[in-house]
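Chemist: Build the 3D model from these lines:
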Amino acid sequence: MIEAKRASLVYQDHGREVFACRDVDLQLEDDKFFGVLGPSGSGKSSLLYLLSGLKMPTSGEVAYRGEPYAHMAERSRGELRLSKFGFVFQHPFLIGYLTALENVLLVGSNDGEERAKDLFSRMGLAEKAHRMPAELSGGEKQRVCVARALLSEPEIIFADEPTASLDHASGETVIDLLNTFRKGALVVVSHDLSMLRHADKIYRMEDGRLAQVNQKRSSSGRSSISDVH
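Modeler: So this is what the prediction gives:
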């Protein structure tokens, strides 16, 4: 669905080149759960920006279903993100004067309200649908963001450290909800391997370089990393 070929993203820092991503090769297949593991500053968020077309590679190429983002008009890339992609970020970006349900309905859908209410019910948020963001806990706010990302049944959801500001139990709940209710692919970047325990493929990001890691699964289905290849 999305392919990066030797994609690099370089920033200028007082005349010095800083590689956020360096020569990344990656293929995102339909319906898979991809995890990207790495510490803060390793380039994980920059990788999501490239894969979703929010930023253009300095060199190399990123393409959606064979069409490079660089060949699309900016408006076309925006429409693609709106219609085909979903996003969940580290901080729950909700509009304070809208209810939880109204925040979800912002993304729009033909059967949006009914689907949103169904998602709220399945996520244990039915009683919170008409509350304001200030009346929700951190975990509840992030579940609202998950519902918003899922509403239009996107082909791929990009989740940028969605559990970083949550306690471990709430974080696991958010990832499980994303993985359970998604209709397409899921990409989660995290510094915590336990949040990627059900990923089909896990990559490690260090200093802007990406490498796939070998995974071992326990009888409970949890992933662990053995080495990089």
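Chemist: Tally up the residues packed near the closest residue to Leu37 other than its chain neighbours, please.
Modeler: Computed as CB to CB, 6 or more residues apart in numbering, the closest residue to Leu37 that is not its neighbour in sequence is Arg204, at 5.1 Å. C-beta here means a position set from N, CA and C on the backbone, and glycine is covered the same way. Arg204 has 19 neighbouring residues, counting by other CB atoms under 10 Å.
Chemist: Same check on the one 3 residues further on?
Modeler: Neighbour count for Asp207, taken as other CB under 10 Å: 13.
Chemist: Am I right that it is in contact with Phe19?
Modeler: Yes. In this structure, Asp207 is within contact of Phe19 by CB atoms under 8 Å, at 7.5 Å.
Chemist: list residues touching both of these two?
Modeler: Gly43 (CB atoms under 8 Å, 6 or more residues apart in numbering).
Chemist: where in this protein is pLDDT low?
Modeler: 108-111, 215-229 (pLDDT under 70).
Chemist: Which parts of it are helices?
Modeler: Secondary structure of the chain (DSSP state H): helices located at 44-51, 74-84, 100-105, 112-122, 138-150, 168-181.
Chemist: what angle separates the last one from helix 138-150?
Modeler: Between helix 168-181 and helix 138-150, the angle formed by their directions is 20 degrees, by axes from the mean of the first three to the mean of the last three CA atoms, to 10 degrees.
Chemist: Tell me which of the helices of the chain sits nearest to Arg6.
Modeler: helix 44-51 (11.6 Å; CB to CB).
Chemist: tally of neighbours for Glu206?
Modeler: Glu206: 14 neighbours (other CB under 10 Å).
Chemist: Ok, Ser45 next?
Modeler: Going by other CB under 10 Å, the residues that sit close to Ser45 add up to 22.
Chemist: re earlier: out of the helices of the chain, nearest to His91?
Modeler: helix 138-150 (8.9 Å).
Chemist: What lies in contact with the closest one?
Modeler: Everything outside helix 138-150 that qualifies as a contact, by CB under 8 Å, 6+ apart, is 86-89, 92-94, 100, 103-104, 106-107, 116, 119-120, 123-125, 128, 133, 136, 157, 159, 162-163, 165-167, 170, 173-174, 177-178, 181-183.
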